[in-house]
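Student: what follows is a predicted structure for the sequence shown.
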Amino acid sequence: MPVVTTWTGSVDVAIVGAGAAGIGAARRLAALRPELSVLMLEAGNRLGGRACTAAPFRLDGEPVDLGCGWLHGARTNAWTAIAGELGFTVDRKPAPWDDNGRDLGLDEGDQADCEAAREAYFGRVEARGEHEPDGAMADLLEPNNRWNGLLDAVGTYINGVELSGASVIDFNRYEPGPGPDWRVRHGYGRLVSTFGVPVPVAFGATVTRIDHHRGAAVTLETARGDVRSRVAVVTVSTAVLAAERLRFDPPLPDKIEAATHLPLGLANKLFLHVSNPDDLPFDAHFLGSPHRTGTGAYQVRPFGTAAIECYFGGAFARDLEEAGAEAALDFARSELAGQFGHAIRDRLTLAAASAWAGDPLFGGSYSYARPGASDRRGILGAPVDQRLFFAGEACSFARYSTAHGAYETGVAAAEAIAAQITGS
Ligand SMILES: Cc1cc2nc3c(=O)[nH]c(=O)nc-3n(C[C@H](O)[C@H](O)[C@H](O)COP(=O)(O)OP(=O)(O)OC[C@H]3O[C@@H](n4cnc5c(N)ncnc54)[C@H](O)[C@@H]3O)c2cc1C
């Protein structure tokens, strides 16, 4: 990997952040304009950002994705094609939520009743027209419906926030593209980071200020010194922008306001090792409780491994993250005991846990729009003076919250830059 340890002066294009968007922008620029010098400035010490694969010792080094795991809209998802090019295996087994595979641990009558409530609810959401006033997704719940807790839990997995926080219009604009949901056998995060390997990158280069006054080079102040560029692409999360961990001079209040109204929701994953796993179902899925918002979604033995992937969303995930991984383990143990019996508790040990909210480089998992804020994705993504470009999942109108949406916004920024920038 061309890791940059000393500054070599100025570059044509500086890219802030080496996640899916930053890597997508850099690779597209290299393909379109190979003569341009490009440098990714990454605050952390690895490629991939919220695409992050770990290989915990407790799971015999089996790869687990702490961030993105599913190739949504997989048939047309750019990462599916990249996986093919790089020799990664794509697992095409249907996702638990595809093909009606919604095993909630309910008896048949309740399963049908729950399915009917879910269809009716999402039918009401989808019926809300693009030009009708926006509102919170919770406004469309049927008062006192017994499945509201479950619908809210599903909302926290989708949006990272309770239904009361998320915009109906933004939800309806989400369109991941045709195709089912597939997985990358050896890690979505590993795929993204491998694709980024050819790009020059400086790690530990936290950008704290970008001076973009007209008539001079763009100057990026970093923890490792200043970098000058002709053009810059900013791909940091909306939480980083809203907290103004990166400042602009002249200031860009519209960007900060847009980022504030497009906050990051929270989803966290906990991976457990299960001893003697043979009695457990293979790659099965269930919800801890169908009756409350604060519950986990469990993927038992993904790919047949000795692991259980636990998924928590929204305020409940925030509480668990603050309480620590041991508290999350304890909670998961009790929900799994409800499904598999008390004896399972002692067979479970902690293998890996994400904590996306508390990490200052991210501040959460994926963006959602507050009611009325969906159009701000356009404000967030708009270039400034054709010198400062913005990319990242939150800039995508239809594929926000995804790794392929992030990639596409990076590619779009690269194409705009390639079309306008003169030879170096
Ligand atoms: C638990 C979880 C599950 C998910 N599941 C899925 C899924 O199944 N499918 C899917 O498609 N998506 C999923 N996602 C979302 C997906 O991972 C993200 O949308 C996508 O990876 C975001 O990419 P990005 O390039 O926009 O941002 P990031 O990945 O956040 O990249 C931004 C980079 O900027 C760096 N940075 C931050 N501040 C600075 C600074 N000041 N200076 C320099 N660098 C800085 C960060 O370290 C980071 O590397 C999931 C995410 C999480 C957390």
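Tutor: Done, it's in.

Student: quick check: buried residues in the lengthiest helix in the chain?
Tutor: The longest helix of the chain (DSSP state H) is helix 108-127. For helix 108-127, the neighbour count (16 or more other Cβ atoms under 10 Å) marks 114, 117-118, 121, 125 as buried. Heads up, the C-betas are built off the backbone N, CA and C, glycines and all.

Student: show me the contact partners of the longest strand seen in the chain.
Tutor: Of all the segments of type strand in the chain, defined by DSSP state E, the longest one is strand 225-234. If you take Cβ atoms under 8 Å, 6 or more residues apart in numbering as the criterion, strand 225-234 is touched by 7, 9-17, 22, 25, 39, 41, 205, 210, 212, 217-220, 241, 246, 386-392, 410, 413-414, 417, 421, 424.

Student: among the residues you listed, which lie within strands?
Tutor: Reading strands off the contacts of strand 225-234 with DSSP E, I get 11-16, 39, 41, 210, 218-220, 388-390.

Student: report the central residue of this structure.
Tutor: The central residue of the chain, meaning the one whose C-alpha is nearest the mean C-alpha position (Cα atoms, centre = their mean), is residue 366 at 4.6 Å.

Student: picking up where we left off before, the ligand next: which of the ones in strands among the contacts of strand 225-234 are close?
Tutor: Contacts with the ligand within those, counted by Cβ under 6 Å from any ligand atom: 16, 41.

Student: in CSV, could you pull the C-alpha coordinates for stretch 2-15?
Tutor: Extracted C-alpha coordinates of stretch 2-15, given in CSV (Å, rounded to 0.1, in the frame of the first residue of the first chain):
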residue,chain,number,x,y,z
PRO,A,2,1.5,3.4,-0.9
VAL,A,3,1.4,4.8,2.6
VAL,A,4,2.7,8.4,2.7
THR,A,5,5.0,9.1,5.6
THR,A,6,6.4,12.5,4.5
TRP,A,7,4.8,15.3,2.6
THR,A,8,6.0,15.9,-0.9
GLY,A,9,4.4,19.3,-1.3
SER,A,10,1.1,19.9,-2.9
VAL,A,11,-1.2,17.5,-4.7
ASP,A,12,-3.8,18.0,-7.4
VAL,A,13,-6.6,16.3,-5.4
ALA,A,14,-6.8,15.8,-1.6
ILE,A,15,-9.4,13.4,-0.3
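
Student: buried residues in it?
Tutor: Within stretch 2-15, judged by 16+ other Cβ under 10 Å, the buried ones are 4, 7, 10-15.

Student: and that stretch, how far from the chain's centre?
Tutor: 27 Å (Cα atoms, centre = their mean, to the nearest Å).

Student: the worst-scoring helix or strand of the chain on mean pLDDT pairs with which strands?
Tutor: Every helix and strand of the chain was ranked by mean pLDDT, DSSP states H and E. The lowest is strand 284-287, at a mean of 88. Next to strand 284-287 in the sheet, as set by DSSP bridges, lie strand 297-300 (antiparallel).

Student: I'd like the next helix or strand past the strand it pairs with.
Tutor: Moving toward the C-terminus from strand 297-300, the next helix or strand (DSSP states H and E) is strand 307-313.
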